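[1] dropping the sequence and predicted coords here.
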Amino acid sequence: MSPQPTPADVLREGLEQLSVRNPGESARLLDLYLDELERWNPRFGFIKAASRQELIVKHVLDSLSAWKQVQEEAGGGRVLDVGSGAGLPGIPLAIALPELTFCLLERSLKKISFLRTCKALLGLKGINVLPGGLPDAAAAGASYGVVTFRAVAPLSRFTEDARRSGLRCRAIVAYKGRIERAHAEVDDVRRLAPSLNVDVVPVAAPFLDEERCVVIVRY
């Protein structure tokens with residue numbers, strides 16, 4: 001009987017399956033991030049996960065499953081991660097895409113403290129932590145190549161909130177689960193804003209036996 005893979009094995013193999021660049025350095029930084037998350041999570045309950053391996057598969061590798069789509073849509077511009085929470089998907093994406101600047105937008109003071117701690121601990125110069133919501137990001141005056149979010153809101157509500165806030169961006173990459181449900185959300189968006197260019201793109205998170213996709217909204 002072959003030995004069970006360790007969390008480190010799962011992370012390393014997952015990065016290789018996703019063709020993340022510089023997988024050795026990415027794994028080192030992600031291990032530091034996971035160590036810090038495991039220190040904070042029992043007290044503050046940022047994420048539901050029974051083990052480090054579950055954190056890796058359901059959250060880190062899931063966040064990285066769309067790194068190529070984020071890179072393509074960003075076009076070298078800034079990335080705004082809305083409702084970043086414990087830094088997902090923003091921190092794993094920032095590790096995989098160090099050439100981009102990431103703004104982690106978050107309302108919770110506890111989570112803001114965590115995100116700032118991770119920025120300093122990991123030495124991620126390309127990360128900025130921005131307190132608040134979409135109106136605050138819009139008021140900051142920056143434009144973004146791509147906006148990401150994961151488990152924040154239904155797509156139609158998010159796109160409408162973004163429109164009302166005056167946020168300037170070229171595209172939204174929304175992390176979603178089942179493809180059928182994502183298409184239903186896309187139908188809602190098209191009813192409200194038929195001029196938007198919206199695509200559903202299947203993605204695969206290594207070791208996760210569940211459907212995953214991203215919905216890409218282009219302006």
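    Ah, there it is.
[2] rest of the way, CA atoms for contacts and neighbours
    Will do.
[3] let me know the average pLDDT across the helix or strand containing A27.
    Taking DSSP states H and E as the criterion, A27 maps to helix 23-44. For helix 23-44, the mean pLDDT works out to 97.
[4] after it, which helix or strand is next?
    On the C-terminal side of helix 23-44, the nearest following helix or strand under DSSP H and E is helix 52-55.
[5] show me what that next one is packed up against.
    Counting contacts by 3 or more CA pairs under 8 Å, 6 or more residues apart in numbering; DSSP states H and E, helix 52-55 packs against helix 7-17, helix 23-44.
[6] P154 is nearest to which of the ones you listed?
    Each of these has some distance to P154 by CA to CA; the shortest is helix 23-44, at 25.2 Å.
[7] rewinding a little: looking at the helices and strands packed on helix 52-55, which is closest to K176?
    K176 lies closest, by CA to CA, to one member of the helices and strands packed on helix 52-55: helix 7-17, at 19.3 Å.
[8] that closest one vs helix 23-44, what angle?
    Here helix 7-17 points in a direction 130 degrees away from that of helix 23-44 (axes from the mean of the first three to the mean of the last three CA atoms, to 10 degrees).
[9] pull out the buried residues from helix 7-17.
    Across helix 7-17, burial judged by 16 or more other CA atoms under 10 Å covers P7, V10, L11, R12, E13, G14, L15.
[10] now do the helices in the chain.
    Assigned by DSSP state H, the chain shows helices spanning 7-17, 23-44, 52-55, 62-64, 67-74, 90-96, 109-122, 134-139, 155-165, 179-192.
[11] D199 contacts R190, correct?
    No - applying CA atoms under 8 Å, one finds D199 not in contact with R190, separated by 10.9 Å.
[12] which residues touch the most centrally placed residue in the chain?
    With distances taken as CA atoms, centre = their mean, P89 lies nearest the centre of the chain, 1.9 Å away. P89 is in contact with H59, V60, S63, L64, D81, T148, F149, R150, counting by CA atoms under 8 Å, 6 or more residues apart in numbering.
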